[in-house]
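Student: fold the stuff below for me.
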Amino acid sequence: MRSWKEIAKAVKSVEALAKAWESDDQTPMVEFEMREVRAVSKKLDRAWSELYDLVASGQIEPIAYPLVMAIDAWIDEVDRFRDSHTANPGGSDELWKAWGDVLVLTNREPVPQMLEPIGYLIQVQKCSPAQVAKIYEWKDEFGQPDARRVLEVIQSGKESEPTVSPHWNRTCQKNAELWEARSSRKRQVVTEVVAEPDVPVLAPESMETLLEQNVPSRQIARMKNVDQQTVLDYARELGMIVDGQQPAPAMTPDQHLSRVRNAEIEKLEEAKSYAAGAKANAESGTPDTHHSLNNYREQVRQMTLDGCTKQQIVQGLKTQHPDRAKPGSVAQIMAAIEREVAATE
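Tutor: Got it, this is the predicted structure:
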């Protein structure tokens with residue numbers, strides 16, 4: 001069973017990480033609404049997920065119900081932020097407000113509120129029997145404070161046992177009802193997900209457009225339903241800035257000349273590869289429309305749209321791209337393209 005102390009400790013660990021991220025000068029700054037903001041780091045984002053994983057399943061100590069339900073509300077805002085195409089890369093206002101609500105509930109561990117003994121209330125606090133009855137919420141048949149019951153306790157000389165505050169009991173009952181409603185919703189969501197798997201909705205903008213808009217690579221990956229490394233590789237191929245990183249320093253004249261010579265050599269090799277690939281395609285029946293494209297991913301894309309199988313694509317590109325045209329790489333790109341096509345239909 002997850003205790004309040006364990007959950008509160010995990011929350012405070014995430015808060016410490018958030019404070020470190022906020023003051024870390026190494027965190028990339030990205031442009032948002034004409035100003036630079038600090039993008040949420042992968043480490044912080046991962047910590048958010050780990051915190052929710054901690055409370056998402058298993059038994060929870062009842063006094064921790066309010067804290068966990070506050071974490072539920074906060075993670076909803078985290079999910080909206082992750083899915084948004086226009087949110088502040090540093091986290092939405094709603095996300096941080098919900099996080100503040102979580103932190104408030106970790107300030108002090110909830111403990112049962114006990115009522116003062118009747119003798120103490122009468123003798124020390126100088127309360128009247130009616131006031132004591134009201135504190136204990138003792139009522140007579142008319143719904144009024146039952147002062148007679150208090151007098152009977154005093155006259156008997158037997159002090160009442162330590163009693164939990166009725167207000168505390170009502171609060172616990174209400175939290176238990178909210179918790180049961182939470183559990184029912186989660187069971188319903190699980191059933192719906194199993195019955196109808198979610199189909200990702202892809203952003204209409206191209207990766208190149210999103211990179212030009214200085215959208216963080218992590219966010220682009222979510223928007224296009226690909227892994228982050230795919231975005232980084234694509235940006236590198238286009239020579240575009242990503243995650244605030246500056247392009248490579250300008251080349252010296254000697255470096256430029258060397259690059260030109262290497263490019264000429266590559267063109268000769270490419271011509272040889274083209275001829276060899278065309279011959280292989282002619283023998284295997286693989287369409288050759290992809291040879292007019294220079295980009296490996298675009299070639300795989302074109303061949304996928306032409307109806308080529310994974311084996312045909314690997315066979316058609318292995319001469320030109322011996323290090324990249326592997327079954328796993330091709331399968332990953334084909335899957336991403338198929339998702340894009342399905343989303344536009």
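
Student: where in the stretch 201-345 of the chain is pLDDT low?
Tutor: 201-203, 246-260, 263-264, 266-294, 343-345 (pLDDT under 70).

Student: could you chop this structure up by domain?
Tutor: According to automatic domain parsing, the chain comprises the domains 4-110, 118-163, 207-344.

Student: export these as JSON lines, with columns for distance to Thr171.
Tutor: Quick note: C-beta positions are derived from backbone N, CA and C, even for glycine. Below are these laid out as JSON lines (distance: least, CB to CB, whole Å):
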{"stretch": "domain 4-110", "distance to Thr171": "9"}
{"stretch": "domain 118-163", "distance to Thr171": "14"}
{"stretch": "domain 207-344", "distance to Thr171": "39"}
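
Student: between these, which gets nearest to Leu178?
Tutor: Checking the domains of the chain against Leu178 by CB to CB gives domain 4-110 as the closest, at 6.4 Å.

Student: helix/strand/coil for Val37?
Tutor: Assigned state for Val37: strand (three-state reduction, DSSP: H, G, I helix; E, B strand; the rest coil).

Student: residues contacting it?
Tutor: 29-31, 88-90 (CB atoms under 8 Å, 6 or more residues apart in numbering).

Student: looking at strand pairing, list the partners for it.
Tutor: Assessed by DSSP bridges, Val37 has beta-bridge partners Val30.

Student: that older thread, among the contacts of Val37, who's most crowded?
Tutor: Neighbour counts for these (other CB atoms under 10 Å) peak at Pro89, which has 22 neighbours.

Student: how about that residue: what's its closest non-neighbour residue?
Tutor: Ala39 (4.1 Å; CB to CB, 6 or more residues apart in numbering).

Student: which ones are touching the one you found?
Tutor: Ala39 neighbours (CB under 8 Å, 6+ apart): 27-30, 89-90, 216, 218, 243-244.

Student: pick out the most distant pair among the residues you listed.
Tutor: Longest span within the contacts of Ala39, CB to CB: Met29 and Arg218, 14.6 Å.

Student: what count of nearby residues applies to the nearest residue to Asp140 once chain neighbours are set aside?
Tutor: In space, and not counting its chain neighbours, Asp140 is closest to Asp146: 4.4 Å by CB to CB, 6+ apart. Using other CB under 10 Å, Asp146 has 21 neighbouring residues.

Student: now Gln155
Tutor: 8.

Student: element containing it, please.
Tutor: helix 147-156 (DSSP states H and E).

Student: who touches the helix or strand hosting Ala18?
Tutor: Here Ala18 sits within helix 4-22, counting by DSSP H and E. Here helix 4-22 makes contact (CB under 8 Å, 6+ apart) with 27, 38, 40-41, 43-44, 47-48, 51, 54-55, 60-61, 63-64, 67-68, 71, 99, 102-103, 106, 109-110.

Student: give me the mean pLDDT for it.
Tutor: Mean pLDDT, computed over helix 4-22, is 94.

Student: all strands of the stretch 1-150 of the chain, in order?
Tutor: Along the stretch 1-150 of the chain, the segments classed as strands by DSSP state E, counting those that start in this stretch run 29-32, 35-38.

Student: any idea which of those strands scores lowest on pLDDT?
Tutor: Across the strands of the stretch 1-150 of the chain, strand 29-32 gives the lowest mean pLDDT, at a mean of 81.

Student: ok, now which ones touch the closest residue to Ala98 other than its chain neighbours?
Tutor: In space, and not counting its chain neighbours, Ala98 is closest to Trp74: 3.9 Å by CB to CB, 6+ apart. When contacts are counted by CB under 8 Å, 6+ apart, Trp74 touches 95, 98-99, 101-102.

Student: over to Glu208?
Tutor: 238, 240.

Student: sticking with it, tell me its helix or strand.
Tutor: helix 207-212.

Student: so for that helix, what gets flagged as buried?
Tutor: Neighbour-count burial for helix 207-212, counted by 16 or more other CB atoms under 10 Å, picks out 207, 210-211.
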